[in-house]
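K.L.:
3D, please:
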Amino acid sequence: MRYQHFEGVDLSHNPHPIFALARTRLIERLDGLHFSPKTILDVGSGTGEGAQALHDRFGQAQVFALDITQRHTQATAKRRGWWRRKFEVIQGDAMHPPVAPHSMDLIVSNLTLMFVDDFSQTLRSLCRLLTPQGLLLVSMLGPDTLKPTTPTNAPWMDVQTLGQALMQTGFHEPVLDTDWLNLDYADQNQLALDLQQLGLATEALSLTSTPTDTIKTQWEVVYASVWSPPAGHGRLEADGLVAEIPVDQITRRQR
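P.N.:
Residues are numbered from 1 along each chain as shown. Now for the predicted structure:
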């Protein structure tokens, strides 16, 4: 099966087919939910394809694209349009995002969080950004990715580890599942683009002896959808359990 037409998803002109396909599958997790977010954050937005897809799906929502790389944010800014911007662009990292607490109804992160320096701290930061019972959608690459050539230091994460990390952070009602995607890359250079995004560019050269050969690859993609705690419930921080109570729910004792 060629990556250009993988199960109806046209990837023929996309420089990063695994990212595009995983993003499509991740956003499809919203199909069965009666959920209309007003504010959305795309974490690790790259050059803005995810922010564009979220704007297309939720046209009335405010969409924000967050990426740490200036080159990416500049490319994303060109995609958002000048008149009636489709989304706003923010430069910053996922572990310390320059975003107001409890301001996002939906956070989406596609093949990004496995690269952060402190995964637990990043989850806590994203949980803090969500409104009560806001939704986090995450995709990660699992340990079966690119076998048998996967390097031992690859930042993959299995579904059990991801689910445990989300629960320990204080998220609620996790739903996790896994895809094994078989992609045929047209040539070595096409695969190299995806691996460069993953910091594994050298592995592209070991998969084929001729730059023009078709390369068959397998990718394990782990998906998670999980809800932030309701108002008043505890949220785990690095220094312990924190409970937040809305001001309008605090009663004054009468003497």
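K.L.:
the strands in this structure, which residues?
P.N.:
In the chain, the segments counted as strands under DSSP state E are 5-6, 9-10, 39-43, 62-67, 88-91, 104-110, 130-141, 172-185, 215-227, 234-237, 240-243.
K.L.:
give the buried residues for the longest one.
P.N.:
So that's strand 172-185. Within strand 172-185, the residues that qualify as buried are 174, 176, 181, 183-185, counting by 16 or more other C-beta atoms under 10 Å. Where you see a C-beta, it was placed from the backbone N, CA and C, and this is true even at glycine.
K.L.:
and it, what does it pack against?
P.N.:
Applying 3 or more C-beta pairs under 8 Å, 6 or more residues apart in numbering; DSSP states H and E, we find strand 172-185 packed against helix 17-27, helix 159-169, strand 215-227.
K.L.:
and His55, which of these is closest to it?
P.N.:
Relative to His55, the nearest member of the helices and strands packed on strand 172-185 by C-beta to C-beta is helix 17-27, separated by 11.6 Å.
K.L.:
wouldn't Pro101 be in contact with Cys127 here?
P.N.:
No. With contacts defined as C-beta atoms under 8 Å, Pro101 does not count as touching Cys127, sitting 9.9 Å away.
K.L.:
those two: which is more packed in?
P.N.:
Here Pro101 and Cys127 are compared on neighbour count by other C-beta atoms under 10 Å; more neighbours surround Cys127, at 23 against 12.
K.L.:
which secondary element of the protein has the worst mean pLDDT?
P.N.:
Lowest on mean pLDDT, DSSP states H and E among the helices and strands of the chain sits strand 5-6, with a mean of 44.
K.L.:
OK, contacts around the closest residue to Pro174 other than its chain neighbours?
P.N.:
Nearest residue to Pro174, sequence neighbours excluded (C-beta to C-beta, 6 or more residues apart in numbering): Val226, at 4.3 Å. For Val226, the contact set (C-beta atoms under 8 Å, 6 or more residues apart in numbering) comprises 135-136, 138, 166, 171-175.
K.L.:
against Gln190, how distant is Ile40?
P.N.:
30 Å (C-beta to C-beta, to the nearest Å).
K.L.:
hmm, back to that, kindly provide the distance from the residue nearest to Pro174 to Glu220.
P.N.:
Between Val226 and Glu220 the distance, using C-beta to C-beta, works out to 19 Å.
K.L.:
same check on Ala65?
P.N.:
The gap separating Ala65 from Glu220 is 26 Å, by C-beta to C-beta.
K.L.:
the two: who's more crowded?
P.N.:
Neighbours were tallied for Ala65 and for Glu220 using other C-beta under 10 Å; the higher tally belongs to Ala65 (31 against 20).
K.L.:
list the residues that contact the more buried one.
P.N.:
Ala65 makes contact with 42, 45, 48, 50-51, 73, 76, 80, 87-90 under the criterion C-beta under 8 Å, 6+ apart.
K.L.:
got the confidence number for the residue nearest the centre of the chain?
P.N.:
Central residue of the chain (C-alpha atoms, centre = their mean): Ser109, 1.4 Å from the mean position. In this model, Ser109 is scored at 96, pLDDT.
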